[in-house]
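Undergrad: Let's see this in three dimensions:
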Amino acid sequence: MGLNIKNERVHELAKEAARRTGRTQTSAIEVALEEFLARTDAEQSAEARRQRASELIAELQSMCAGKDLSTDFLYDDETGLPA
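TA: Residues are numbered from 1 along each chain as shown. As a prediction, this is how the structure comes out:
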């Protein structure tokens, strides 16, 4: 269960985080890691949504390929108003 960090920069960051938040160094590191993991999950979730959107766009484009996508039939030829 022990964690032995031998990086002076990390020690300084932990001390500063503890000082600014009024937490212990362990608590400050715990909160920072929880926030980091939540942010990582959110980024992965956003990437998955972007990927799915790209797949849907590609599917729609393939469904529409070579088809007449004109909207002329929606409007009256004489008035230009919706039919």
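Undergrad: Start from the N-terminal end of the protein and give the helices.
TA: Using DSSP state H, the helices of the chain run over 8-21, 25-64.
Undergrad: Next, the angle helix 25-64 makes with the first one.
TA: So that's helix 8-21. Helix 8-21 runs at 100 degrees relative to helix 25-64, counting by axes from the mean of the first three to the mean of the last three Cα atoms, to 10 degrees.
Undergrad: Touching helix 8-21 from outside, list them.
TA: 5, 23, 24, 25, 27, 28, 29, 31, 32 (Cβ atoms under 8 Å, 6 or more residues apart in numbering). Backbone N, C-alpha and C define where each C-beta goes, glycine included.
Undergrad: what about residue 27, neighbour count?
TA: 13 (other Cβ atoms under 10 Å).
Undergrad: Quick one, grab the pLDDT at it.
TA: Per-residue confidence (pLDDT) for residue 27: 97.
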